[in-house]
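>>> generate a structure from the sequence data that follows.
(2 chains)
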Number of protein chains: 2
Amino acid sequence: MANVIENGTITSPRGFIAGATAAGIKYEGRLDLGVVCSEVPANAAGMFTRNAVKSAPVLVSAPRVAHGAARAVVVNSGCANACTGERGLRDAEAMAALAATKLGLLPEEVLVASTGVIGTFMPIDRVAAGIARIRPDSRGGNAFARAIMTTDTTCKEIAVAAGAPGGNFTIGAAAKGSGMIHPNMGTMLCFVSTDANVELRFLTAALARCVDRSFNMVTVDGDTSPSDTIFVLANGLAGNALFDQTSGAVFEEALGHICEHLAKTIAADGEGATKLLEVTVAHALSVEDARVAARTIASSPLVKAAINGADPNWGRVVCAAGRSGASMEPDRIGVTLSDVPVMSQGMPVPFDEDALRTRLKSDRVSIYIDLALGDGCATAWGCDLSHEYVTINASYTT
Amino acid sequence: MANVIENGTITSPRGFIAGATAAGIKYEGRLDLGVVCSEVPANAAGMFTRNAVKSAPVLVSAPRVAHGAARAVVVNSGCANACTGERGLRDAEAMAALAATKLGLLPEEVLVASTGVIGTFMPIDRVAAGIARIRPDSRGGNAFARAIMTTDTTCKEIAVAAGAPGGNFTIGAAAKGSGMIHPNMGTMLCFVSTDANVELRFLTAALARCVDRSFNMVTVDGDTSPSDTIFVLANGLAGNALFDQTSGAVFEEALGHICEHLAKTIAADGEGATKLLEVTVAHALSVEDARVAARTIASSPLVKAAINGADPNWGRVVCAAGRSGASMEPDRIGVTLSDVPVMSQGMPVPFDEDALRTRLKSDRVSIYIDLALGDGCATAWGCDLSHEYVTINASYTT
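Take a look at the predicted model:
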């Protein structure tokens, strides 16, 4: 079992250093540029957005991480460097090269990621000056996590430790995400470090499975970003016997814990959100059906607005499931809102409206829908839709 | 060419009568029950929601309209009669039977539709008392249109007249729609009457084509309702030479005008909307690609919130297109917001931000995106996302 490390960060695993600075990319005096680096070579895996429009950092980093090895990540907030053409690609390469020089690495060993406004060019002079100022060390994890925040109201980081034959290992991670969250792969940005000794092929496969059950089941607003990225660097300093497809269950469980924790944290911190929404679809005809129905419910503006107002409007839950494309027989459906049954076999069930309303005012609301058709089950996470979401997004570029 | 009739209604065509009453279905003293009836037999066509969860009136009316003939429609607002199981089906049949008795028709000649809260049973006694009170006549069109409003702030009706060999014809229509609008077939509710003499097969085909270019390209919130319904009744009293696939162009053009007008009116009156949003995707690889990209942009919460705030955040437009599934080459894309070019060949174009912001404050905003790939073109209509949308939907059932 993986244990959560108190105040753990991306530098909790052995051999990782990080640092950040306020480079003035969009705002003055706010951390917006960070690096994280393994002191020794590391296996690397990554996943990226499936949006047809990909940011320059995604286009630069994808072939690098495909080699299976990397040493460092340089990341900024405030400018996404997306929709910036050839110049954007040159800027992303320059960012990586500047970080490589600073850290004594080859440019190809450095991955790059950016988040912020789309369609503006990177202020590369400020990035260069910022990178020169960063002093990465083993206590720099929290500053790194804060440097990637944009509309996030909480800093998202975690580390867990677990035992394994040959040596205990640690996994640390930092993530950002609050708006344009409907990942089809990683979330906005997530970086994972570990000192575990992990076979590359298993690392890649385990990452894909964990992401599929966590970040790929989160939605804030249904909009997939061009910057979605997750990287994991595994440097092996834990000295454990190599984790692979047969021996790696303990590693995958720990990685899954990290991913699910961060995914839920992102949903709870959705732009303007006042509540975390957890939607479970049970007994769907297939897991894929359960996944699509859960995500459709969690992303329905009408469901989200009702949850905001603690309105037990369960009809919207059924309608969202009905338009999701999942197979269903309406006369079999059951719905439970925050543990109160409201629909059974396709019909309304009498319930104490005041009592349910009180439950729906909690900062955590659950929706459970039973399709009574098969064995497919999946959970998705989202949040409510508030006035504050509109306020934030009515004036984001200015 | 079809000419719009001033103050035209669903009873503008010859031989149609309508009426409405306040039956107290959800609120007291508000029109909420209406009937429209052709005084002579009429060809009938209809289209319905593709949501897997269908309301009882949809399930009752679909086989009736499939016969190709109908005389009347009875409709209520305040209760959708959806998720109501067997009892709901019996209630919908009873509504039609009560209207048939009142109008001297067979129950099978009456179509039924309902809109309102999902998951509550129809107060059938109040419906019966209401139907008994209705006195339909040729001036009842406007009352009928008002009786189907729920969160609508405008009454949606139109009539057009056009010339044809053998006799001028008229088409009238009433629609409702404001929330749960992402039709995959009709909109919430739309009823069309005409005195034109129209072959049934052509009527059905023309309706499908018109709906595909109008109601099926409207979105308010991405949520498809279980009640979406459109009916057209054509009673032939105009005496024109039969419209069919070869002779019916003038009829289809007039019907298309009606559908597009009502679709845009529904988008402009989206819940909480302050602006009509018109999204055109040009030079997509196919019409289907253009349609899906246009609808995805028009339904993006981030695009809609930016439009609410008159924020020229065009990056969100490109990102929504990028996640739509339409083929695109990012380096070719051009974007124009309310006639101001902001992106060309995948790169930002300098523009006067204050001037564009002023244009985006208009009550009609256009987005034009050129994919520079092929011949596919489509237009979708939507609206902005406002605080008021959240307010309306945070407490709808109460």
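
>>> contacts, neighbours, all on C-alpha from now
Noted.

>>> quick one, helices of chain A?
A:56-65, A:85-103, A:124-133, A:141-147, A:200-213, A:249-268, A:287-299, A:301-308, A:315-323, A:353-360, A:387-393 (DSSP state H).

>>> buried residues, stretch A:106-116. List them.
For stretch A:106-116, the neighbour count (16 or more other Cα atoms under 10 Å in any protein chain shown) marks A:107-116 as buried.

>>> let me see the domain layout of chain A.
Following automatic domain parsing, chain A resolves into domains at A:3-268, A:276-393.

>>> between the buried residues of stretch A:106-116, which is nearest chain B?
Set against chain B, the nearest of these by Cα to the nearest Cα is residue A:116 (10.7 Å).

>>> right, and the closest one touches residue A:79 too?
Yes: proximity of residue A:116 to residue A:79 meets the contact threshold set by Cα atoms under 8 Å, at 4.2 Å.

>>> how about the domains of chain A in JSON lines, adding mean pLDDT and distance to residue B:389?
Below are the domains of chain A laid out as JSON lines (pLDDT from 0 to 100; distance: least, Cα to Cα, whole Å):
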{"stretch": "domain A:3-268", "mean pLDDT": "87", "distance to residue B:389": "15"}
{"stretch": "domain A:276-393", "mean pLDDT": "92", "distance to residue B:389": "8"}
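
>>> turn the ones you listed into TSV, including distance to chain B.
What follows is the domains of chain A, written out as TSV (distance: least, Cα to the nearest Cα, whole Å):
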stretch	distance to chain B
domain A:3-268	5
domain A:276-393	4
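
>>> from residue A:5, how far off is the closest residue to residue A:161 other than its chain neighbours?
The shortest distance from residue A:161 to any non-neighbouring residue, by Cα to Cα, 6 or more residues apart in numbering or on different chains, is to residue A:170 (4.3 Å). Applying Cα to Cα, to the nearest Å, the value for residue A:170 to residue A:5 is 9 Å.

>>> and what of residue A:160?
Applying Cα to Cα, the value for residue A:160 to residue A:5 is 5 Å.

>>> neighbour-wise, which of these two wins?
Using other Cα atoms under 10 Å in any protein chain shown as the criterion, residue A:160 and residue A:5 rank with residue A:160 on top: 24 against 15.

>>> ok, and the closest non-adjacent residue to that one?
Nearest non-adjacent residue to residue A:160, counting by Cα to Cα, 6+ apart: residue A:4, 4.3 Å away.

>>> returning to what we had before: which neighbours do residue A:170 and residue A:5 share?
Both residue A:170 and residue A:5 are contacted by A:159-161, under the criterion Cα atoms under 8 Å, 6 or more residues apart in numbering or on different chains.

>>> strands - which of these land there?
A:159-161 (DSSP state E).

>>> output these as CSV; include the columns distance to residue B:242.
Below are these laid out as CSV (distance: Cα to Cα, whole Å):
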residue, distance to residue B:242
A:159, 75
A:160, 76
A:161, 79
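
>>> now, among those residues, which is nearest to residue B:353?
Closest approach to residue B:353 among those (Cα to Cα): residue A:159, at 44.1 Å.

>>> the closest residue to that closest one other than its chain neighbours and residue A:161: what is the separation?
Distances taken as Cα to Cα, 6+ apart place residue A:172 nearest to residue A:159, at 4.0 Å, with adjacent residues excluded. Look at residue A:172 and residue A:161: by Cα to Cα, they are 9 Å apart.

>>> what do you get for residue A:106?
30 Å.

>>> cool, residue A:357 as well?
Residue A:357 is 40 Å from residue A:161, by Cα to Cα.

>>> neighbour count winner among the two?
Taking other Cα under 10 Å, residue A:357 and residue A:161 do not tie; residue A:161 has more neighbours (21 against 17).

>>> next up, the contacts around that one.
Applying Cα under 8 Å, 6+ apart to residue A:161 gives the contacts A:2-5, A:168-171, A:254.

>>> mind redoing it with 10 Å?
By Cα atoms under 10 Å, 6 or more residues apart in numbering or on different chains, the contact set of residue A:161 is A:1-5, A:8, A:12-13, A:168-172, A:194, A:251, A:254.

>>> then residue A:148?
By Cα under 10 Å, 6+ apart, the contact list for residue A:148 reads A:20, A:31-34, A:75-78, A:113-116, A:155-156, A:174-177, A:189-190.

>>> please flag which of these sit within strands.
Taking DSSP E as the definition of strands, the contacts of residue A:148 contribute A:20, A:33-34, A:75-78, A:113-116, A:156, A:174-176, A:189-190.

>>> out of the domains of chain A, which gets nearest to residue B:370?
Smallest distance to residue B:370 across the domains of chain A (Cα to Cα): 14.3 Å, for domain A:3-268.

>>> joint contacts of residue A:160 and residue A:5?
Overlap of the contact sets of residue A:160 and residue A:5 (by Cα under 10 Å, 6+ apart) consists of A:12, A:170-172.

>>> just the buried residues of those.
Buried subset of the shared contacts of residue A:160 and residue A:5 (neighbour count, 16+ other Cα under 10 Å): A:12, A:170-172.

>>> using CSV, lay out the residues you listed together with distance to residue A:270.
Output for these, formatted as CSV (distance: Cα to Cα, whole Å):
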residue, distance to residue A:270
A:12, 26
A:170, 28
A:171, 25
A:172, 22
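
>>> take these and keep only those in strands.
Using DSSP E, the subset of these located in strands is A:170-172.

>>> and which of the residues you listed is nearest residue B:145?
Distances from residue B:145 to those, taken as Cα to Cα, are shortest for residue A:172 (60.8 Å).

>>> bridged to that closest one, which residues?
Beta bridges link residue A:172 to residue A:159, residue A:193, judged by DSSP bridges.

>>> list the residues that contact it.
Residues in contact with residue A:172 (Cα under 10 Å, 6+ apart) are A:4-5, A:8-14, A:16, A:141, A:157-161, A:191-195, A:232-233, A:255, A:258.

>>> let's go with 7 Å and repeat that
Contact partners of residue A:172, counting by Cα atoms under 7 Å, 6 or more residues apart in numbering or on different chains, are A:8-13, A:158-160, A:192-194.

>>> residue B:129: which of the residues you listed is nearest?
residue A:158 (63.8 Å).

>>> surely that closest one meets residue A:170?
No: checked against Cα atoms under 7 Å, the pair residue A:158 and residue A:170 is beyond contact range at 10.6 Å.

>>> may I see the contacts of residue A:172 organised as TSV, with distance to residue A:215 added?
As requested, the contacts of residue A:172 are exported to TSV (distance: Cα to Cα, whole Å):
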residue	distance to residue A:215
A:8	20
A:9	19
A:10	18
A:11	22
A:12	22
A:13	22
A:158	15
A:159	17
A:160	18
A:192	13
A:193	17
A:194	19
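
>>> compare those and tell me which is most surrounded.
Highest neighbour count within those: residue A:194, with 33 neighbours (other Cα under 10 Å).

>>> so it touches residue A:233, yeah?
Yes: the criterion here is Cα under 7 Å, and residue A:194 meets it with residue A:233 at 6.2 Å.

>>> give me the neighbour count for residue A:21.
Using other Cα under 10 Å, residue A:21 has 25 neighbouring residues.
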